[in-house]
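*Asks:* Give the three-dimensional model of this entry:
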Amino acid sequence: MSDPTRAPAELRAVVTPEQDGQTVAAVVRALLGGVPWSRARKLCTDGRVLHGGQPALDPARRVRRGDALEVRAHAARPRDPEIYLRYVDPDIVVVDKPAGLVSVPYEPDERDTLVHRAHAALRRREGGRHLPPLRVVQRLDKDTSGVMVLARTRRAERGLGEQFRRHSVHRLYLGLAYGQVVAATHDTWLVPDRGDGRRGSFRRRHGTSDPPEGARRAITHVEVRERFTGAGMRWSGSPLPGITLVACTLETGRQHQIRIHLGEQGTPLVGEKVYDRDYDGPRLQGLPEGDGRPMLHAAELGFTHPTRDAPLRFACDLPSDFADLAQRLRTGSSP
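*Replies:* The predicted structure is shown next:
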């Protein structure tokens, strides 16, 4: 940090060249004189750290030289933390969705959703003036984190919607899956009930050949990024199955597509509680940050701007729970 100045209940500083690429939590920790990592992370998740004037809710977000940081250590926790607006123009808004927040309302009176928070953040950014509702063109599961795009105009909604329907949008997800995942392309037809009461791939049985009416084709390309042995971690059983960091690229965008395909090949996501029926191996234990949700993150999103015909691509850093678990797996350290 360079020239930090202290004001009542707050600290301000600018990221130095030496801190370029560090996480927000690391820089906050240094600014506060080496407070515990848990304290630095909680200041972020409580909305008490501003990065470029917006709440840095993800402690694992990387900062860049010259970025402005503000720590309001004694400020009251915001009731509804703002969504990080990664990109804004008159037609679209690109946001970073945190895990645990639904993308859109499921009930008419539901108000705490990604769309509502993004709209509120946009209003604050643009001086509090009245803005029309944001238009949804894609969704992420409640427990999936990562980058999303929303439309501000009907024209943008139509343009983006057409790209999603043509499957021309680049979508790359990172996940942590049990076992030794192998690179593969999964091409199946998804049905609401695969035969055991759960959504999944249509399985041909005696006397049947074609998928039923309403089945939807789902194509997922899976690549291996890193393998972890799991040594040093706590497990529910043995032998250790290991864990694989995978990158999944979508050709289609069906509900729970990645979770289903990984689960059906016997390598479900860490934290998976629905599509894990085909896995009977040991599971990680004692990881409250890492096993509370399926470890899936929408890391990259690329599309053509719906009105300017310009290619856009966005990347979203791993959230803290995912990044921390991956680091523990690399070092073999249990919490």
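
*Asks:* quick one, domains of this protein?
*Replies:* Domain assignment for the chain, taken from automatic domain parsing, gives 2-71, 171-296.

*Asks:* Could you point out the helix or strand that follows the longest strand along the chain?
*Replies:* In the chain, taking DSSP state E as the definition, the longest strand is strand 216-228. Heading C-terminal from strand 216-228, the first helix or strand you meet, by DSSP states H and E, is strand 243-250.

*Asks:* Give me the residues contacting that next one.
*Replies:* Defining contact as CB atoms under 8 Å, 6 or more residues apart in numbering, one finds that strand 243-250 is touched by 167, 170-181, 219-228, 230, 257-258, 261-262, 267, 270, 284, 299, 326, 329. For glycine as for every other residue, the C-beta is placed from the backbone atoms N, C-alpha and C.

*Asks:* now the angle from that strand to strand 216-228?
*Replies:* Calculated by axes from the mean of the first three to the mean of the last three CA atoms, to 10 degrees, strand 243-250 forms an angle of 150 degrees with strand 216-228.

*Asks:* so what does the helix or strand following strand 243-250 touch, helix or strand wise?
*Replies:* Sequence order places helix 257-264 as the next helix or strand after strand 243-250, per DSSP H and E. Judged by 3 or more CB pairs under 8 Å, 6 or more residues apart in numbering; DSSP states H and E, the packing partners of helix 257-264 are strand 170-178, strand 184-191, strand 200-201, strand 216-228, strand 243-250.

*Asks:* Mind checking those for the one nearest to residue 15?
*Replies:* Of all the helices and strands packed on helix 257-264, the one in closest proximity to residue 15, counting by CB to CB, is strand 170-178 (25.2 Å).

*Asks:* Averaged pLDDT, that closest one. What do you get?
*Replies:* Strand 170-178 carries an average pLDDT of 97.

*Asks:* cool, stretch 302-311 as well?
*Replies:* pLDDT averaged over stretch 302-311 gives 96.

*Asks:* just stretch 280-293 next, same as before
*Replies:* Stretch 280-293 comes out with an average pLDDT of 70.

*Asks:* Please shift the residue numbers so they start at 7 in all later answers.
*Replies:* Sounds good: first residue 7 from here, last item stretch 286-299.

*Asks:* Mind putting the helices and strands packed on helix 263-270 into TSV with distance to residue 20 and mean neighbour count?
*Replies:* Shown next, in TSV, are these (distance: least, CB to CB, whole Å; neighbours: other CB atoms under 10 Å):
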stretch	distance to residue 20	mean neighbour count
strand 176-184	30	23
strand 190-197	46	17
strand 206-207	51	22
strand 222-234	33	17
strand 249-256	33	21
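
*Asks:* Out of those strands, which is closest to residue 110?
*Replies:* Short answer: strand 176-184, nearest of the helices and strands packed on helix 263-270 by CB to CB, at 17.7 Å.

*Asks:* who's in contact with the closest one?
*Replies:* 150, 152, 231, 247-256, 259, 264, 268, 273-276, 285, 287, 289, 296, 300-309, 319, 324, 328, 331-332, 335.

*Asks:* picking up where we left off before, out of the helices and strands packed on helix 263-270, nearest to residue 280?
*Replies:* The closest of the helices and strands packed on helix 263-270 to residue 280 is strand 206-207. By CB to CB, the value is 9.9 Å.

*Asks:* Neighbouring strands of the closest one in the sheet, and parallel or not?
*Replies:* strand 190-197 (antiparallel) (DSSP bridges).

*Asks:* export the strand it pairs with as CSV, just CAs?
*Replies:* Extracted in CSV, the C-alpha atoms of strand 190-197 (Å, rounded to 0.1, in the frame of the first residue of the first chain):
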residue,chain,number,x,y,z
ALA,A,190,-14.6,-36.4,-22.4
THR,A,191,-17.6,-35.0,-24.3
HIS,A,192,-21.0,-35.8,-22.7
ASP,A,193,-23.8,-35.8,-25.3
THR,A,194,-27.1,-36.9,-23.8
TRP,A,195,-30.8,-36.1,-23.7
LEU,A,196,-32.0,-34.8,-20.4
VAL,A,197,-35.4,-35.7,-18.9
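
*Asks:* what's the angle between it and helix 263-270?
*Replies:* 100 degrees.

*Asks:* in the stretch 157-306 of the chain, which segments are predicted with low confidence?
*Replies:* The stretch 157-306 of the chain contains residues with pLDDT under 70 at 210-214, 292-298.

*Asks:* Please give me every residue in contact with residue 154.
*Replies:* 100, 101, 102, 103, 109, 120, 144, 145, 146, 304, 307.

*Asks:* and those, which of them are in strands?
*Replies:* Reading strands off the contacts of residue 154 with DSSP E, I get 100, 101, 102, 103, 304, 307.

*Asks:* The fifth one and residue 178, how far apart?
*Replies:* Think residue 304. 8 Å (CB to CB, to the nearest Å).

*Asks:* Repeat that for residue 267.
*Replies:* Look at residue 267 and residue 178: by CB to CB, they are 15 Å apart.

*Asks:* Check residue 310 too.
*Replies:* Note on residue 310: its distance to residue 178, by CB to CB, is 17 Å.

*Asks:* what do you get for residue 45?
*Replies:* For residue 45, the distance to residue 178 - CB to CB - is 33 Å.

*Asks:* same question, residue 116
*Replies:* Per CB to CB, residue 116 is found 29 Å from residue 178.

*Asks:* same question, residue 136
*Replies:* Residue 136 sits at a distance of 36 Å from residue 178 (criterion: CB to CB).
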